[in-house]
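Undergrad: quick one, fold the following:
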Amino acid sequence: MTHEDQHQDVRHNWFTEILTTALNDLAHAERVITSYAAQQPDGFIAWGMAEGEAVQAHQALRQAPALHAAPPTDHTEANATADTLFNLATKAAQSLVRAAELAADPDDKMACLQAALHAGRLRDALR
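TA: All right, here's what the predicted structure looks like:
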């Protein structure tokens, strides 16, 4: 294996790890926001924009061809707050931009950028 092959393997592994983590984070945010919305009398009014952006970010990222090769694992936490979700959305948006920079496949790059856009909107909705 040449140095260039090793570099490509490391880059691909890093890219896949970033995508998988972001996908898990977005799925978690979606579940928590939906749960909060269902538990409060005006929950869907208060959390509706955030829920929509979480769903859109998650669905956009699921379009990345690289994710079809390695299905993500599911990590669940019980009690998340709006601040935690805000931080999670911020981290996901940053990671997705980083992943887009690493993506070799234009469809992966587009999926990452679209998901980053929605993750950013999710973050804004949680302010």
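Undergrad: what's the weakest-modelled helix or strand in this structure?
TA: In the chain, no helix or strand scores lower on mean pLDDT, DSSP states H and E than helix 3-39, which sits at a mean of 87.
Undergrad: which parts of it are buried?
TA: 15-16, 18-34, 36-37 (16 or more other Cβ atoms under 10 Å). C-beta coordinates here come from the backbone N, C-alpha and C atoms, glycine included.
Undergrad: so where's this protein shaky on pLDDT?
TA: For the chain, residues meeting the criterion pLDDT under 70 lie at 3, 69-80.
Undergrad: apply 90 and report the result again.
TA: Residues of the chain meeting the criterion pLDDT under 90: 1-14, 16-17, 36-37, 40-41, 43-46, 66-88, 123, 125-127.
Undergrad: quick check: closest non-adjacent residue to residue 58.
TA: residue 26 (4.2 Å; Cβ to Cβ, 6 or more residues apart in numbering).
Undergrad: contacts only, for that neighbour.
TA: Applying Cβ atoms under 8 Å, 6 or more residues apart in numbering, we find residue 26 in contact with 54, 57, 58, 61, 92, 115, 119.
Undergrad: would TSV of those with secondary structure and distance to residue 67 be doable?
TA: What follows is the contacts of residue 26, written out as TSV (DSSP: H, G, I helix; E, B strand; the rest coil; distance: Cβ to Cβ, whole Å):
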residue	secondary structure	distance to residue 67
54	helix	17
57	helix	14
58	helix	11
61	helix	7
92	helix	14
115	helix	11
119	helix	15
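Undergrad: can you select the buried ones among those for me in ChimeraX?
TA: Buried residues within the contacts of residue 26, by 16+ other Cβ under 10 Å, are selected in ChimeraX with:
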select :54,57,58,61,92,115,119
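Undergrad: tabulate the contacts of residue 26 (JSON lines), appending distance to residue 104.
TA: Listed next are the contacts of residue 26 as JSON lines, based on distance: Cβ to Cβ, whole Å:
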{"residue": "54", "distance to residue 104": "27"}
{"residue": "57", "distance to residue 104": "22"}
{"residue": "58", "distance to residue 104": "23"}
{"residue": "61", "distance to residue 104": "17"}
{"residue": "92", "distance to residue 104": "21"}
{"residue": "115", "distance to residue 104": "17"}
{"residue": "119", "distance to residue 104": "22"}
